[in-house]
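# structure of the sequence below:
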Amino acid sequence: MSGRLHPCVLLVSILLSSGCGEQGYDDLEAFIENSGGNLHGKIDALPVIQPLKGFVYQPFELQDPFSNRAGRQDKTVRNERQPDPARPKEALESYPLENLTMVGSLQRGRHVFGLIKTPDNSIYRVKRGNYLGENFGLIAKITEAEITLREIVRNGDHDWTERMSVLMLQTRERE
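Purely as a prediction, here's the structure:
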């Protein structure tokens, strides 16, 4: 059987290769000559690239960002912005500021009070000098539309920094 297979394969390959003559490509060659004759392409010159000036990083006394911070001694001096650990906490300091809502204000003489609603639907009256929120937020100013706080938060160097926050009056219930 294997002896008969070889002559059959030879015969089939001869028949298939006879179809690959040069006669069928005349129309293709004529199309290529006609279609490419009227093309005159022009490529613009590349723009001149101006070299950029390099930046040299000179950290001087700055900390190396790749060094281990645990190995260095803490040189920070405690500043006046740090919270007072001896001060007794007020009731509204146990809530995060984003969970407290200003729902109104009251005025008695020259004193303006803010009305704060807690997540458990209790209403507290606050005045300038009270604290609220978990970041030692001291109430600096109360208007009929907002309460301005001076918060003391830790920064990345284990030191304290001050930031201002505003609690706006909510005119309708949060959803």
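# now do the contacts for Thr101.
Neighbouring residues of Thr101 by CB atoms under 8 Å, 6 or more residues apart in numbering: 116-117, 167, 170, 174. C-beta: built from backbone N, CA, C; applies to glycine.
# correction: the previous question concerned Glu144.
With CB under 8 Å, 6+ apart, Glu144 has these contacts: 105, 107, 112, 169.
# and the second one, which of the three is it?
Yep, that's Gln107 we're talking about. Using DSSP: H, G, I helix; E, B strand; the rest coil, the structure places Gln107 in strand.
# nearest residue to it other than its sequence neighbours?
The spatial neighbour of Gln107 that comes closest, neighbours along the chain excluded (CB to CB, 6 or more residues apart in numbering), is Phe113 at 7.4 Å.
# what helix or strand does the spatially most central residue of the chain sit in?
Nearest residue to the geometric centre of the chain (CA atoms, centre = their mean): Gly156, 18.2 Å. Here Gly156 is covered by no helix or strand, with elements defined by DSSP states H and E.
# so which elements touch the lowest-mean-pLDDT helix or strand in the chain?
Ranked by mean pLDDT, DSSP states H and E, the helix or strand of the chain with the weakest confidence is helix 2-17, at a mean of 71. For helix 2-17, there is no helix or strand it packs on, judged by 3 or more CB pairs under 8 Å, 6 or more residues apart in numbering; DSSP states H and E.
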